[in-house]
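Asks: Coordinates for the following, if possible.
(2 chains)
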Amino acid sequence: MKRHLISAADLSRGDALLILDTAEELASLADRPIKKLPTLRGRTVVNLFFEDSTRTRISFEAAAKRLSADVINFSAKGSSVGKGESLKDTALTLEAMGADAVVIRHSASGAAHRLAGWVRGSVVNAGDGTHEHPTQALLDAFTIRRKLRHANGRGAGLDGIRVTIVGDVLHSRVARSNVLLLSTLGAEVTLAAPPTLLPLAVDTWPCAVSYDLDSELPKSDVVMMLRVQQERMTAAYFPSVREYSRRYGLDATRMARLPEHAIVMHPGPMNRGVEIAAEVADSPRSTIVEQVANGVTTRMAVLYLLLGGTEFPEVAA
Amino acid sequence: MSATGQPVAGRDGLAVLDAEEIRRSLTRIAHEILERTHGGDEVVLLGIPTRGVPLARRLAARIGEFEGLEVPCGSLDVTMHRDDLRLRPARALGRTELPPTGVDGKTVVLVDDVLYSGRTVRAALDALTDLGRPRTVQLAVLVDRGHRELPIRADYVGKNLPTSQREVVHVLLAEVDAQDAVMISDEGRSA
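Replies: The predicted structure is shown next:
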């Protein structure tokens, strides 16, 4: 594994499987009386969040604490300093505090990459603008493997599993990371979205594209609904929320078109009634709550693999 | 602990135990466990991955043959508790699987292939503490090669093997390596 986790593209199939297999072993920790391991004792993990987040920040915090790392939460929202400068100054502060890992969320795409050039510790990208969110993709892959590959999926990829990612791909770092990671793991990914919500270079991504959700549903093992990110929308991408919801929202009727074993995923937070109907979100097919639980486990695996070993992880195969 | 299942053919080394001797050692250890625990009551066998796990299963099977007793058997991964994690790249984790009976109030027998510095066992004791509170903890190993770095000793030993620290001991088990043997070699392929 590389020293940082900036993009899902940093992960080879072997790296990704190592993370999923490690997460699989760590999952049993949740059933034990003492949900803590001493592995990262004396290490410091800084959560550097320039953007709102509940589940990701809490998830990283829980993951680091369960590995006995010291956690410093840094919420930089409302900072008046210019973006680039403030990020570099913050990086120097973290450097002085001796952070072994920095988990960063930032509204600017590429922020995690920039930060990696300034600090000695490992940088974990927890979402940078509309670019990437690799740990979300890892926890999604982990959830898919646990649900669709039987009991002990250790060592198994996602070969042949058909995943349809639906909705606001343009603004979604989750979609990009998932397309990269899931295809590395052998899944067949299809993006279903209105043309206005697909990025320009989508034809270079390792996936298929469709404008018609209904025709994709019967061949999907996994449907992943994306949040319509109205806060990032600066233009009219669709005529009305109602129309979007009619064509690309997942309601009970649409869900009935899915094969019986198929699961419904959503990275959260959900807009109930927009991209996903409440009855779908709360149905037994939805893995939304499991995704949150798996998030802690997967992030523990990432932190362990980045920080648990030698100071020179480049030597690692 | 020896590394993962490499093909044996071509590896230089001296066989110090063959399959038959391993079988006899385990039979003796199984009898000793029964003797020391007054009939194997409340015993839980926990193998330390990788090769401690099949050894624990074999011991459980042996005890079952002798006494018609089903001994709970599981595995205990110690990777996250090791003291040398920072000296090497992060390692893949082994499996921790407790039998449904748990370990509280039981006589836990830890099972490993080679006892060397004692650091693995130290880590295992820590890992075990997080899982419950056994009444007693004992240690069974197939080979004790000496050179302890911690005040730890085994309760059941298959074979005491005087070694130099330059030597490497490999335990091969059919479940992992397709054959049973204990090899000792001189070249420093580190454990």
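
Asks: Can you tell me the SS state at the spatially most central residue of chain A?
Replies: The centroid of chain A falls nearest to A:Gln136 when counting by Cα atoms, centre = their mean (1.3 Å). When classified by DSSP: H, G, I helix; E, B strand; the rest coil, A:Gln136 comes out as helix.

Asks: what's the nearest residue to it once chain neighbours are set aside in contact with, if anything?
Replies: Closest residue to A:Gln136 apart from its sequence neighbours, by Cβ to Cβ, 6 or more residues apart in numbering or on different chains: A:Val174 at 5.0 Å. For every residue, glycine as well, the C-beta is placed using N, CA and C. By Cβ atoms under 8 Å, 6 or more residues apart in numbering or on different chains, A:Val174 lies in contact with A:133, A:136-137, A:140, A:226, A:267.

Asks: try A:Val222
Replies: A:144, A:148, A:161-164, A:187, A:262-263, A:265.

Asks: So which of those belong to strands?
Replies: If you go by DSSP state E, the contacts of A:Val222 have A:162-164, A:263, A:265 in strands.

Asks: which one among those gets closest to A:Thr54?
Replies: Ranked by distance to A:Thr54 (Cβ to Cβ), the ones in strands among the contacts of A:Val222 are led by A:Met265 at 18.1 Å.

Asks: now that closest one, which residues is it bridged with?
Replies: A:Met224 (DSSP bridges).

Asks: That one: what's it in contact with?
Replies: Applying Cβ under 8 Å, 6+ apart, the residues near A:Met265 are A:140, A:143-144, A:222-225, A:286-288, A:291.

Asks: From these, pick the one nearest A:Asp203.
Replies: Once Cβ to Cβ is applied, the member of those that ends up nearest A:Asp203 is A:Met224, at 20.2 Å.

Asks: is it true that the closest one touches A:Arg162?
Replies: No: the pair A:Met224 and A:Arg162 does not pass the contact test of Cβ atoms under 8 Å, sitting 11.4 Å apart.

Asks: Who has more neighbours out of the two?
Replies: More neighbours surround A:Met224 than the other of A:Met224 and A:Arg162, with 28 against 18 (other Cβ atoms under 10 Å in any protein chain shown).

Asks: Could you report the pLDDT at that one?
Replies: On the pLDDT scale, A:Met224 is placed at 98.

Asks: Could you report the neighbour count for B:Asp130?
Replies: 17.

Asks: Without its sequence neighbours, what residue ends up closest to A:Ser53?
Replies: That would be A:Arg105: by Cβ to Cβ, 6+ apart, it lies 5.6 Å from A:Ser53.

Asks: Quick check: the one you found is in a strand.
Replies: Yes: A:Arg105 sits within a strand when classified using three-state DSSP.

Asks: elements contacting the longest helix along chain B?
Replies: Identified as the longest helix of chain B according to DSSP state H is helix B:19-36. Packing contacts for helix B:19-36, counted by 3 or more Cβ pairs under 8 Å, 6 or more residues apart in numbering or on different chains; DSSP states H and E, involve helix B:52-67, strand B:136-144, strand B:156-160, strand B:181-185.

Asks: now it, how far from the centre of its chain.
Replies: The chain centre lies 13 Å from the centre of helix B:19-36; the measure is Cα atoms, centre = their mean, to the nearest Å.

Asks: Name the residues that touch that helix?
Replies: Outside helix B:19-36, the residues touching it (Cβ under 8 Å, 6+ apart) are B:17, B:40, B:43, B:55, B:58-59, B:62-63, B:66-67, B:109, B:138, B:140, B:142, B:155-159, B:174, B:179-182.

Asks: Buried residues in that helix, which are they?
Replies: B:21-22, B:25-26, B:29-30, B:33-34 (16 or more other Cβ atoms under 10 Å in any protein chain shown).

Asks: And the next helix or strand past the host helix or strand of A:Val174?
Replies: Assigned by DSSP states H and E, A:Val174 belongs to helix A:173-184. Sequence order places strand A:188-192 as the next helix or strand after helix A:173-184, per DSSP H and E.

Asks: got the buried residues of helix B:19-36 as TSV, with pLDDT columns?
Replies: Shown next, in TSV, are the buried residues of helix B:19-36 (pLDDT from 0 to 100):
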residue	pLDDT
B:Glu21	96
B:Ile22	97
B:Ser25	97
B:Leu26	97
B:Ile29	97
B:Ala30	97
B:Ile33	97
B:Leu34	96
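
Asks: Relative to A:Ala64, how far out is A:Leu40?
Replies: 7 Å (Cβ to Cβ, to the nearest Å).

Asks: overlap in contacts of those two?
Replies: Contacts common to A:Leu40 and A:Ala64, judged by Cβ under 8 Å, 6+ apart, are A:Leu303.

Asks: Near chain B, which residues of chain A are found?
Replies: Applying Cβ under 8 Å from any Cβ of the partner chain, we find that chain A lies next to chain B at A:1, A:18, A:21-22, A:25-26, A:28, A:32-34, A:36-39, A:67, A:304-311, A:313, A:315-317.

Asks: One more pass at 7 Å, please.
Replies: Residues of chain A lying close to chain B (Cβ under 7 Å from any Cβ of the partner chain) are A:18, A:21-22, A:25, A:28, A:32-34, A:37-39, A:304-305, A:308-311, A:313, A:315-316.

Asks: packing partners for the helix or strand of chain A with the lowest mean pLDDT?
Replies: Lowest by mean pLDDT, DSSP states H and E among the helices and strands of chain A is helix A:83-97, with a mean of 79. The helices and strands touching helix A:83-97, judged by 3 or more Cβ pairs under 7 Å, 6 or more residues apart in numbering or on different chains; DSSP states H and E, are helix A:111-116.

Asks: ok, now with 8 Å
Replies: With 3+ Cβ pairs under 8 Å, 6+ apart as the test, helix A:83-97 has strand A:44-49, strand A:70-75, strand A:101-106, helix A:111-116 packed against it.

Asks: Deepest-packed of the ones you listed, please.
Replies: Of the helices and strands packed on helix A:83-97, the one with the most neighbours on average (mean count of other Cβ atoms under 10 Å in any protein chain shown) is strand A:101-106, at a mean of 28.

Asks: which secondary structure elements does that strand contact?
Replies: Going by 3+ Cβ pairs under 8 Å, 6+ apart, strand A:101-106 lies up against strand A:44-49, helix A:55-66, helix A:83-97, helix A:111-116, strand A:122-128, helix A:288-307.

Asks: Around chain A, which positions in chain B sit nearby?
Replies: So chain B meets chain A at B:77, B:80-81, B:85-97, B:126, B:130-132 (Cβ under 8 Å from any Cβ).

Asks: For ChimeraX, write a command that selects the buried ones of these.
Replies: Here is the ChimeraX command that selects the buried residues among those (16+ other Cβ under 10 Å):
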select /B:77,80,81,85,88,89,90,91,93,94,95,96,97,126,130,131,132
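
Asks: Quickly list what the residue nearest in space to the middle of chain B is bridged to.
Replies: Geometric centre of chain B, nearest residue: B:Asp112, 0.8 Å, by Cα atoms, centre = their mean. Listed by DSSP bridges, the beta-bridge partners for B:Asp112 are B:Val141.
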